[in-house]
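Q: return a 3D structure for these sequence lines:
(chains A and B)
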Amino acid sequence: MTLLLENISLTIGDVLLVKSFTISIEAGEIVTLMGPSGCGKSSLLAYIAGDLSPPMYGNGHVTLDGVDLVYLPAEQRHVGRLFQDDLLFPHLTVGENLLFGVPRGSLSKRQHLVSEALASAQLEGFEDRDPGTLSSGQRARVALFRALMAKPKAMLLDEPFSKLDAELRHSVRNYVFAHLRERQIPTLLVTHDREDAPAGGRVFRISNKGDMILA
Amino acid sequence: MKNFLNSFAGFLPLGILWLSPLAAGLVAVLYGALDEAAWLALFGHPQLWPGLALSMGTGTLSLIISALLAFWIVAGLYGGKLWPGTSGLMGGFLSLPHLAFAIGLGFLITPSGLLARVIGSVAAWAAPPQWVTTQDPYGFSLVTVLVLKEVPFLIWLISAHLARPEVAQMLNGHFRVSQSLGHGGASVWLRVFIPQILPRLKWPLLIVWFYGASVVDVALAIGPTQPPPLAVIIWSDLNNADPAVNARGTAGALFLTAALGCLVLLFMFLKRATLPSIWRFFTRGPSRRRTPRITSGALLLFFCAVYALVFAILCVMSIGTLWPYPDLFPSELRFSAWAQFLMSPAPLLNSLSLAVVSTLAALALAVFWLETVPEKLDAVLLACGIAALALPSLLIADGQYLAFLRLGLNGTWLGVFLAHLTPVFAYVFIVLKGPYRAFDPRYRAVALGLNADNYRFWSVVKLAMMKPALAAAAAVGIGVSIAQYVPTQLIASGRLTTLPIEAVTLASGGSRPLMAVFALMLAVIPAFAFIIASRLGRKPL
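A: Okay, the predicted model is just below:
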């Protein structure tokens, strides 16, 4: 699986935020995109995911596994996302949150997948817990597994570590990266903290003129 | 101790003007129901059970359809181009009282009404059709009026909830994450948004449910007659000259309330029983179904068209002194009904004075409470307010009638004012509470730092900043007071007449233009209050 971005540009009004960005992200690769807030890095993720909203506009091709995503609605793109907030649904239990994105099928099989996921997240038996009772590290892991269980073909990480405290941040980061690499998912990470970028990975910075500069 | 005294001071005017009339009403109705003969007479009433079935059925059906349509429209429009205007539009629709709407819609759908005339002129009918629309035996026209009126109310409430920044931000995040997990818009609404919004609408939905099942004025205008809904049966008992029949009405009002209580218990049982399957539905997995944008837009358009049509019909009807079937337009236009209305202005003046004074009193009581009583006691008052609104107005008004009988308040303006204050204050407090309590106390520190004293801060800074909320609460209060039929009729005991009382009398067979004039006035005053409020809300002091 490869995530291919070709000539992507983003504009807000007459201002060009991103100018003709092209990159190919290989299976299991994690590419980091850096820049100050308002530079368009989150909007780039929204464009790839398919929910960029006016007054922001974008164009350019997004190809995943040979399929052009641009004309598909967001829910059919198989692009997973993690946000600053874990966005666990407060009205569902931990197990139900995980089931939410698992494709339809027999309930027992799907529930088996959930308990497997909870086991690998070191959260065995947490099915019936209210997400509100979890620690922030536990919530972050549930959010990751909820995204992974929908079988995404690419992942977009929008500063998912920025609200964690320093200690937790390090371990959650390594944990997320390890799982994404293990599943060979091409990943684009957006952050304003250099520390967040995985060691040895490609890091891009958005310049004032909208150019992507390899750091 | 000082705190306690302060709280007590805040409680005192409210206790005298609002809480004791409410409590006295409830006590009096219970006391009045200690009459075995009345209960025997009630259970011997041949129309009791069919009437009960009609009341429960029309109330429940209208609630279900209203909630479905409201969420259907919101789901399709939320976040779209039409959404920002929708909420204001619904607020406007809201200000048209049920009764005025029922009268206008009645003329649209009766066999000799405008709809039949339009179809008849195309299909060349010789006589009015044989269809049974208004006062149909199953109450479908009653349900129609209730649905058409409650949907804007629910959409308005939902949009107010969705407009809160923290709610909007959370739901926006939930929407994005659900999409990334493979869920289309419709699936997100069904599985994520509605389950989170619905608990917030619990009390308004209960109020809508009970209102529909116990409404009197709309049922008199457009509801079934043989048998009528239980609320109408009780109503005619309460207005009977014979005290024994009155007592049967009192027992009936309690019986209707108890039946509503049982209905809620039944609902809670059903909810419990179906919870596992509802939960299975939430977690069945992604569905790509998208939100119904086109049908939602069409529904919104339909609502706009109906409201515009009803308003236009009332206008034409009020001057159409000669309008025989099958003419599409009156053959004679005269302002005689308007002249007649202005010649005897008592109903208008009474309605206006009651609305203005009860709204001002409610505002003063609410502000006084909010300024003097700690926030943690709000929940208690809120519970009383919800009870005052959810309990059938038949029950409270009958109780107040019985209580006021001993105080000699029936037939006086003061008595009717107190009866109006019961629902008016409840609504005003609910509307005002949120914005007033959310006021940032640091403004006070800033103002005092600028050498303003407490009073100056309060009058120049706080009230000015609260002006939009005060204006909105006032508009709601005026609308609620103008529409009061049941308590006014009972407490006024024929010695005081208001707009809805005249409108109901005319609806059961009077001059059609005059009926339209009254319906229009019922609509115009709250609409005017609403427009002024939104003007005031926008302009800074």
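Q: from A:Phe177, how far off is A:Ser42?
A: With distances taken as CB to CB, to the nearest Å, A:Ser42 is found 20 Å from A:Phe177. Every residue, glycine included, has its C-beta placed from N, CA and C.
Q: touching, B:Trp203 and B:Ile386? I think so.
A: Yes. Using CB atoms under 8 Å, B:Trp203 is in contact with B:Ile386, at 5.2 Å.
Q: shared neighbours of the two, anything?
A: Between them, B:Trp203 and B:Ile386 share no contacting residue under CB atoms under 8 Å, 6 or more residues apart in numbering or on different chains.
Q: can you tell me the closest non-neighbouring residue to the residue in chain B that chain A sits nearest to?
A: Using CB to the nearest CB, the closest approach of chain B to chain A is made by B:Leu181 at 3.2 Å. In this structure, B:Leu181 finds its nearest non-sequential neighbour in A:Gly101, 3.2 Å apart by CB to CB, 6 or more residues apart in numbering or on different chains.
Q: how about A:Asp211?
A: In space, A:Asp211 is closest to A:Lys19, 5.8 Å off (CB to CB, 6+ apart).
Q: looks like A:Asn7 contacts A:Gly58 (just checking).
A: No. Using CB under 8 Å, A:Asn7 is not in contact with A:Gly58; the gap is 10.6 Å.
Q: wait, the residue nearest to B:Leu181 sits on A:Leu144?
A: No. Look at A:Gly101 against A:Leu144 with CB under 8 Å: they stay out of range, at 12.0 Å.
Q: returning to what we had before: quick one, what contacts the residue of chain B closest to chain A?
A: A:Gly80, A:Phe100, A:Gly101, A:Arg146, A:Ala147, A:Ala150, B:Pro286.
Q: ok, the second one touching B:Pro195?
A: Read that as A:Phe100. No. Under the criterion of CB under 8 Å, A:Phe100 makes no contact with B:Pro195, lying 11.9 Å away.
Q: now do the shared contacts for these two.
A: B:Phe282.
Q: still on that earlier bit, neighbour-wise, which of A:Asn7 and A:Gly58 wins?
A: More crowded of A:Asn7 and A:Gly58, by other CB atoms under 10 Å in any protein chain shown: A:Gly58, with 20 against 11.
Q: pretty sure that one sits in a helix.
A: No. Counting by DSSP: H, G, I helix; E, B strand; the rest coil, A:Gly58 is not found in a helix; it is strand.
Q: list the contacts of it.
A: Contact partners of A:Gly58, counting by CB under 8 Å, 6+ apart, are A:Ile8, A:Ser9, A:Leu10, A:Thr11, A:Val18, A:Ser43, A:Leu44, A:Tyr47, A:Leu52.
Q: picking up where we left off before, state the distance from the residue of chain B closest to chain A to A:Leu72.
A: 15 Å.
Q: now do B:Pro487
A: For B:Pro487 relative to A:Leu72 (CB to CB), the value is 59 Å.
Q: more neighbours: the two, which one.
A: Taking other CB under 10 Å, B:Pro487 and A:Leu72 do not tie; B:Pro487 has more neighbours (24 against 15).
Q: which residues sit against whichever strand or helix holds that one?
A: Taking DSSP states H and E as the definition, B:Pro487 sits inside helix B:486-492. For helix B:486-492, the surrounding residues in contact (CB under 8 Å, 6+ apart) are B:216-217, B:235, B:238-239, B:354, B:393-394, B:396-398, B:400-401, B:404, B:409-411, B:415-416, B:418-420, B:422, B:496, B:498, B:500-501, B:504.
Q: can you say which of those residues are buried?
A: B:216-217, B:235, B:238, B:354, B:393-394, B:396-398, B:400-401, B:404, B:409-410, B:415-416, B:418-420, B:422, B:496, B:498, B:500-501, B:504 (16 or more other CB atoms under 10 Å in any protein chain shown).
Q: in helices, which of these appear?
A: Of the positions in the buried ones among the contacts of helix B:486-492, B:217, B:235, B:238, B:354, B:393-394, B:396-398, B:400-401, B:404, B:415-416, B:418-420, B:422, B:500-501, B:504 sit in helices, assigned by DSSP state H.
Q: how about the longest helix seen in chain B: buried residues?
A: The helix spanning the most residues in chain B, taking DSSP H as the definition, is helix B:243-282. Across helix B:243-282, burial judged by 16+ other CB under 10 Å covers B:246-257, B:260, B:263, B:279, B:282.
Q: that one: what's the following helix or strand?
A: That would be, after helix B:243-282 and using DSSP H and E, helix B:293-319.
Q: what comes up buried for that next one?
A: B:296-297, B:299-300, B:303, B:306-307, B:310-311, B:313-314, B:316-319.
Q: who does that helix touch, helix- and strand-wise?
A: Contact partners of helix B:293-319 among helices and strands, from 3 or more CB pairs under 8 Å, 6 or more residues apart in numbering or on different chains; DSSP states H and E: helix B:48-77, helix B:83-94, helix B:98-109, helix B:140-162, helix B:336-343, helix B:512-538.
Q: how about the longest one, does it reach chain A?
A: This means helix B:48-77. No. When contact is scored as CB under 8 Å from any CB of the partner chain, no part of helix B:48-77 falls within range of chain A; the minimum is 15.0 Å.
Q: so which elements touch that helix?
A: Contact here means 3+ CB pairs under 8 Å, 6+ apart; on that basis helix B:48-77 packs against helix B:83-94, helix B:140-162, helix B:202-214, helix B:230-238, helix B:243-282, helix B:293-319.
Q: mean pLDDT and distance to B:Asp378 added to those helices, as a markdown table?
A: Shown next, in a markdown table, are the helices and strands packed on helix B:48-77 (pLDDT from 0 to 100; distance: least, CB to CB, whole Å):
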| stretch | mean pLDDT | distance to B:Asp378 |
| --- | --- | --- |
| helix B:83-94 | 85 | 24 |
| helix B:140-162 | 93 | 18 |
| helix B:202-214 | 94 | 14 |
| helix B:230-238 | 95 | 31 |
| helix B:243-282 | 93 | 24 |
| helix B:293-319 | 93 | 34 |
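Q: walk me through which strands the helix-or-strand element of chain A with minimal mean pLDDT pairs with, and which way each runs.
A: One helix or strand of chain A scores below all others by mean pLDDT, DSSP states H and E: strand A:212-214, with a mean of 81. Its sheet considered, strand A:212-214 pairs with strand A:203-206 (antiparallel) by DSSP bridges.
Q: please list all residues in contact with A:Leu44.
A: Contacts of A:Leu44 by CB under 8 Å, 6+ apart are A:Ile8, A:Leu10, A:Val18, A:Phe21, A:Leu33, A:Gly58, A:Leu188, A:Val190.
Q: can I see the domain layout of chain A?
A: In terms of domains, chain A is parsed into A:3-78+A:152-214, A:92-150 (source: automatic domain parsing).
Q: residues near residue 113, how many?
A: In the absence of a named chain, chain A is used. A:Leu113 has 17 nearby residues by other CB under 10 Å.
Q: ah, I was thinking of chain B
A: B:Gly113 has 19 nearby residues by other CB under 10 Å.
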